[in-house]
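Visitor: I'll drop the sequence and a predicted model, then ask my questions.
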Amino acid sequence: MRATVEDLTEEAERLIRERAWVVAPADRDVAAKAAADLLAAIGTSQAQQGLPAVERLGHLREALAALAIALAHVHGRMAWFLGAAATALTPVLHWRALPAEDASTFGAVTPTLQQYKEAEDAVRRLQRTLAGITVA
């Protein structure tokens, strides 16, 4: 997940730097809102690591929802970027933090602490890139 997001953000930053992607003012506004929402959902790594798994997972799902909401308001390259970012985070949708208690989990699995950290780091990387897009 982290590698996918890193590749995605590097591509976006390169396209903007090379002026192959000229970010429209409306896209900057969406990027600013999404960056703020991601920051609110996933704070510092120290703060996240101190939370119970169910809260960490909830915050990751909030981040994914923020990307989906932002995606609904854009078209073109910004939509492609946000869509790819949301796709990169889809493993979060198959995670669970609660015990199964011998019942069906619909395929949900319990992530490791390393997977939580990787997903949270990926969201932080997306947040930094979106914040950078606001001034592109």
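Guide: That came in fine, so what should we check first?

Visitor: can you tell me how far Thr90 is from Ala136?
Guide: Separation of Thr90 from Ala136 (CB to CB, to the nearest Å) stands at 26 Å. Quick note: C-beta positions are derived from backbone N, CA and C, even for glycine.

Visitor: those two: which is more packed in?
Guide: Taking neighbours as other CB atoms under 10 Å, Thr90 and Ala136 compare with Ala136 leading, 16 against 10.

Visitor: ok, now which ones touch the more buried one?
Guide: Ile16, Val23, Arg28 (CB atoms under 8 Å, 6 or more residues apart in numbering).

Visitor: for Tyr116, the count of nearby residues, please.
Guide: Quick note: Tyr116 (other CB under 10 Å) scores 21 neighbours.

Visitor: what helix or strand is it on?
Guide: When elements are assigned from DSSP states H and E, Tyr116 belongs to helix 113-133.

Visitor: okay, buried residues for that helix please.
Guide: By neighbour count on 16 or more other CB atoms under 10 Å, the buried set for helix 113-133 is 115-127, 129-133.

Visitor: so what's the nearest residue to Arg124 once chain neighbours are set aside up against?
Guide: Among residues not flanking Arg124 along the chain, Ile42 sits closest, at 6.1 Å (CB to CB, 6 or more residues apart in numbering). By CB under 8 Å, 6+ apart, Ile42 lies in contact with Gln48, His59, Leu60, Ala63, Glu120, Val123, Arg124, Gln127.

Visitor: okay, the residues you listed in CSV with distance to Phe81 and pLDDT next?
Guide: Putting the contacts of Ile42 into CSV (distance: CB to CB, whole Å; pLDDT from 0 to 100) gives the following:
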residue, distance to Phe81, pLDDT
Gln48, 24, 93
His59, 22, 98
Leu60, 19, 98
Ala63, 15, 98
Glu120, 20, 97
Val123, 14, 98
Arg124, 16, 98
Gln127, 13, 98
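
Visitor: coming back round to it: can you tell me which of the contacts of Ala136 are buried?
Guide: Buried members of those, counted by 16+ other CB under 10 Å: Ile16, Val23, Arg28.
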